[in-house]
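Engineer: The sequence and its predicted three-dimensional model are supplied below.
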Amino acid sequence: MTMTRKVLIDQTVKSIKKLPDSKLQEVSDYVEFLLQRAENSELNEQIARLASTSKSFQFLEDEEELYSESDLKEVYK
């Protein structure tokens, strides 16, 4: 059975209320860590999406090739 968001939050709050005070900071720190990780993940996805559709470096595609294989002095295999 899949729990809804509200049910899961309610169960989590009930569990947190049972914890001793000494563990509350640990739970709070972990929640902050999860939030920051989620924000970073979303930000990385947005940056990747923006970079993939950006035309910032399109000028490089129009630039002629300056060098070819015939310019090489040594070829490594």
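Structural biologist: Sure, I can see it.

Engineer: And the residue nearest the centre of the chain?
Structural biologist: Most central residue of the chain, judged by C-alpha distance to the mean C-alpha position with Cα atoms, centre = their mean, is S41 at 2.3 Å.

Engineer: Now do the same for E63: its pLDDT.
Structural biologist: Looking at E63, its pLDDT stands at 83.

Engineer: Can you give me the neighbour number for it?
Structural biologist: 7 (other Cβ atoms under 10 Å). Where C-beta positions appear, they are placed from N, C-alpha and C, glycine not excepted.

Engineer: distance of it from A48?
Structural biologist: Between E63 and A48 the distance, using Cβ to Cβ, to the nearest Å, works out to 25 Å.

Engineer: Quick check: phi and psi at L66.
Structural biologist: In this entry, L66 is assigned phi and psi values of phi -90, psi -30 (degrees, to the nearest 10).

Engineer: The residue nearest to the centre of the chain and Q25, how far apart?
Structural biologist: Looking at S41 against Q25, where the rule is Cβ to Cβ, the gap reads 25 Å.

Engineer: okay, and the helix or strand of this protein with the least pLDDT?
Structural biologist: Within the chain, no helix or strand scores below helix 59-62, which has a mean of 81 by mean pLDDT, DSSP states H and E.
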